[in-house]
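*Asks:* Can you look at this prediction? I've put the sequence above it.
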Amino acid sequence: MTSDCHELGEIKMSRFLIYPLAKQVLAGIKETMSDQFGNEPKLEQAHSRRSICRRCLRRFNPGERRLLFKYRPFEREGVFAEAGPIYIHESDCQPEVEILTRYPDDFRELPLLLRAYTEQDGQVDSKLIKDGDAETIIDTFFADPKVAYIHLRDGESGCYYGRIERAESG
Ligand SMILES: [Zn+2]
């Protein structure tokens, strides 16, 4: 009885967490109509399902309105702390949950890459996701104690999508 419960608990436990863009960032952009670099966000329309909204972590549908602005997904300035263009829905979209505990199946056909960083934002390794199997690369990166977090990025443009951290057990 006890061991059954234990096994169930282990199956449900996530090995990693995926963080979308924090809603405070979004609120700041919409309030000031300026990104952290002083650019006015551009309003555009999605033409395909090729890209992902950084806030709700869902793929854009053609015709959906989105805001384009510049974002640096690092807390500190540094040699690897690149900033780049990102898109969010113009509407107040919400992620299904504030922290995702599994890799979305909807992302598996997109060309994406994973890039591992140290606690000091040093770049450790970067790998293209093959056949949608993100989990194998995430597990391999997190097996290295030097790796503190991973970025999910576009496999062609390198643009930032989200941040992945280890799920701390117990
Ligand atoms: Zn969205």
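*Replies:* Sure, I can see it.

*Asks:* Up against the ion, what does the chain have?
*Replies:* Within the chain, the positions near the ion by C-beta under 5 Å from the ion are 53, 55-56, 89, 93. Bear in mind the C-beta positions are built from the backbone N, C-alpha and C, glycine included.

*Asks:* mind putting these in JSON lines, pLDDT included?
*Replies:* Output for the residues of the chain next to the ion, formatted as JSON lines (pLDDT from 0 to 100):
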{"residue": "Cys53", "pLDDT": "98"}
{"residue": "Arg55", "pLDDT": "97"}
{"residue": "Cys56", "pLDDT": "97"}
{"residue": "His89", "pLDDT": "96"}
{"residue": "Cys93", "pLDDT": "94"}
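
*Asks:* Let me know the closest of the residues you listed to Asp154.
*Replies:* Each of those was checked against Asp154 using C-beta to C-beta; the closest is Cys53, at 13.1 Å.

*Asks:* Pull up the gap between the closest one and Tyr71, please.
*Replies:* Applying C-beta to C-beta, to the nearest Å, the value for Cys53 to Tyr71 is 13 Å.

*Asks:* Which one's more surrounded, these two?
*Replies:* The residue with more neighbours, out of Cys53 and Tyr71, is Cys53; 24 against 20, by other C-beta atoms under 10 Å.

*Asks:* was I right about that one contacting His89?
*Replies:* Yes - counting by C-beta atoms under 8 Å, Cys53 touches His89, with 4.9 Å between them.

*Asks:* Quickly list what's touching both of the two.
*Replies:* Listed as contacting both Cys53 and His89 by C-beta atoms under 8 Å, 6 or more residues apart in numbering are 60, 66.

*Asks:* which regions of the chain sit below the pLDDT cut-off?
*Replies:* 1-13, 169-170 (pLDDT under 70).

*Asks:* show me where it has helices.
*Replies:* 2-12, 23-32, 134-142 (DSSP state H).

*Asks:* ok, the residues of the chain next to the ion vs Asp131, which is closest?
*Replies:* For the residues of the chain next to the ion, the nearest to Asp131 is Cys53 (23.7 Å; C-beta to C-beta).
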